[in-house]
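Student: compute the structure for the input listed below.
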Amino acid sequence: MTFTTPPRTAAWRHLDARDGFEVTYFQPSDDGLRIEGCTTAVEEGQTWIVGYAIELDASWTTRSARITGRSASGFRDTVLEADGAGRWRVDGTAAPHLDGCLDVDLESSAMTNTFPAHRMGLRVGENSAAPAAYVRATDLAVERLEQDYVRVADEGSRQRYDYGAPVFGFACRLVYDESGLVLDYPEIAVRAA
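Tutor: All right, here's what the predicted structure looks like:
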């Protein structure tokens, strides 16, 4: 089962790890998809806002991301550019530590876990590594994040994946709707619209 076209907009309520909200807008482009959104949250007593504009190609591979952030420590802005084959530039400088990554993953966003599920097209029982260019919420630092996805049995039109990020000692089961957007991201967020 493949995913349908995403809706024009979606939203998530962040829970447990932080208290906040994310709103995203999806706009098809000639060669892929443009996604714009914003997350506002309170985490460990600190407030922050992260805005993003992400360009994906037709295979859901990240081609660029412009991320802005605001916290008590000030305003930040960073631009990621990818060649679609796993090579990246961060603010115009080559970033070899991201070699092999095809996705951007924003710490502030539940939505960005959509990208690997679409891009990989796993069948039930298949698994894949999905390293990502991981952008931190408070300072927009860009790191490499090793991630694993295993597609487990579907429930009607909902796909389920066992997700793991070993560096954080984190694993959960992600549930996606028919358009491939996360409905339930345990300890992180739930879909609100």
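Student: what distance separates the stretch of helix or strand residue 154 belongs to from the centre of its chain?
Tutor: Here residue 154, judged by DSSP states H and E, is contained in strand 148-155. Centroid separation for strand 148-155 versus its chain: 17 Å, with Cα atoms, centre = their mean, to the nearest Å.
Student: could you do stretch 15-32 as well?
Tutor: 8 Å.
Student: do stretch 175-191 as well
Tutor: That offset, for stretch 175-191, works out to 11 Å (Cα atoms, centre = their mean).
Student: any buried residues in whichever helix or strand comes after the strand holding residue 154, and which?
Tutor: Next along the chain after strand 148-155, taking DSSP H and E as the criterion, comes strand 158-165. In terms of neighbour count (16 or more other Cβ atoms under 10 Å), strand 158-165 has its buried residues at 159-161, 163-165. Just so you know, the C-beta spots here come from the backbone N, C-alpha and C atoms, and that holds for glycine as well.
Student: that older thread, report the buried residues of the strand holding residue 154.
Tutor: Result for strand 148-155 [16+ other Cβ under 10 Å]: buried residues 148-151.
Student: ok, now stretch 21-40?
Tutor: For stretch 21-40, by 16+ other Cβ under 10 Å, it's 22-24, 26, 32-33, 35, 37-40.
Student: now the two most distant members of those.
Tutor: 32 and 40 (26.8 Å; Cβ to Cβ).
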